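**Q** Predicted model follows, preceded by the sequence.
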Amino acid sequence: MAHHILKATRDTVHLGGFSNLLKPVLTINSGDTIDVETYTGYYVYDQAPPEFLTPEFVDICQNLASERKVAPGPHLLTGPIYVRGAEPGDVLEIELQAIAPSLPVGFNAIRAGWGALSQQFTQPALRFIPLDLGNNVAEFPVHSGIKIPLKPFFGILGVATPENARISIPPGSYGGNIDNREIQAGSRLFLPVFVPGGLFSIGDGHAAQGDGEVNVTAIETSMNGRIKLTLRKDLQLTTPIAETPTDMITMGFASSLDTALELAVKNMIDLMEHFINLSAEDAYVLCSLAVNFRITQVVNSPQKGVHGMLPKSILSGQINL
């Protein structure tokens, strides 16, 4: 298997969405690993402190070609990556081997009209937050003594779909803006493939986030990672699932939290039926007894997210994915 390095430049990133018309920036074989670089903050770079800015990032913000601006979403994504042999109906396994912030600063933004309390907090606000990478914490507010542990992850991991231009804000069956803080280094994400090659893109680095991401953003920062992409023709999925070192995770995305919860429960039952050989009724009972359903995010309009976490420690054996 080969190893690749994918730097984020104006030729290898795209802005605002996914598209099956984008030319791949890297073509790999199943099982290859990639050191990937991502940037964030395209729309706030002109307000950022010097430590947030690298020459490459400034070049992206000032000179990104119009054909790399896919849709009106705020996210810079690195990719797409083409996996040889991937066809619609297959599954792409993304193994997250390492994730780390590349800068000692991130930002949080309140956007007018967005967020769980958009009617109360109506004014936009932008804060840049120092990251203590040596001690792996962020103090917020500064000088408050409140130390937030850094738990970095990529908010967006997604594949292209038949749409020519799909905005990057809502998550869905393709993955996308999942914003699930559990999917950290050591985890695997499984996504259905919709177009030849998969056309996988990654970005939206978060240094820390609470479940819900209630004010629209986390500590957003540029992020580097090492990932392994494996084509799984032995699996069939219609919605993403994930595995962390401790849990199996299913997800539900819908316009209301009630419906998102229903979908997360149904997807967990389906996982248990297929991979643990439980009946649907036994799986439903086990969901009530042992699965933790949590709010993923409530701000990626029009889709809210709920995820269910099944502790692997309660199982008699391994789930083979």
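**A** Perfect, thanks for sending it. Numbers count the residues shown, from 1 in each chain.
**Q** List the buried residues of stretch 126-145.
**A** For stretch 126-145, a neighbour-count test (16 or more other CB atoms under 10 Å) marks 128-129, 131, 133, 136-140 as buried. Every C-beta, even on glycine, is put in place using the N, C-alpha and C of the backbone.
**Q** now the residues you listed as TSV including secondary structure and distance to residue 285?
**A** Shown next, in TSV, are the buried residues of stretch 126-145 (DSSP: H, G, I helix; E, B strand; the rest coil; distance: CB to CB, whole Å):
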residue	secondary structure	distance to residue 285
128	strand	48
129	strand	43
131	coil	43
133	coil	45
136	coil	40
137	strand	41
138	strand	41
139	strand	44
140	coil	41
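**Q** Taking those together, which two end up most distant?
**A** Spatial extent of the buried residues of stretch 126-145 (CB to CB) is set by the pair 128 and 136 at 18.6 Å.
**Q** Can you give me the distance of residue 136 to residue 152?
**A** 9 Å (CB to CB, to the nearest Å).
**Q** Could I get the buried residues of stretch 126-145 in a markdown table, plus columns for pLDDT?
**A** Formatted as a markdown table, these follow (pLDDT from 0 to 100):
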| residue | pLDDT |
| --- | --- |
| 128 | 98 |
| 129 | 98 |
| 131 | 98 |
| 133 | 98 |
| 136 | 98 |
| 137 | 98 |
| 138 | 98 |
| 139 | 98 |
| 140 | 98 |
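**Q** what about the closest residue to residue 51 other than its chain neighbours, distance to residue 37?
**A** Spatial nearest neighbour of residue 51, excluding adjacent residues (CB to CB, 6 or more residues apart in numbering): residue 105 at 5.1 Å. From residue 105 across to residue 37, the span is 17 Å (CB to CB).
**Q** any chance you could map the strands in the stretch 101-250 of the chain?
**A** 105-110, 125-130, 137-139, 147-149, 153-159, 166-167, 175-177, 188-192, 200-206, 223-232, 241-243, 247-254 (DSSP state E, counting those that start in this stretch).
**Q** mind checking how far the helix of greatest length in the chain is from the chain centre?
**A** What stands out as the longest helix in the chain, according to DSSP state H, is helix 257-275. Its chain's C-alpha centre and that of helix 257-275 lie 20 Å apart, by CA atoms, centre = their mean, to the nearest Å.
**Q** Please apply the same query to stretch 235-253.
**A** 13 Å.
**Q** From one end of it to the other, what's the distance?
**A** 21 Å (CA to CA, to the nearest Å).
**Q** what about that stretch, average pLDDT?
**A** Averaged over stretch 235-253, pLDDT sits at 97.
**Q** in that stretch, what counts as buried?
**A** 235, 237, 239-244, 247-253.
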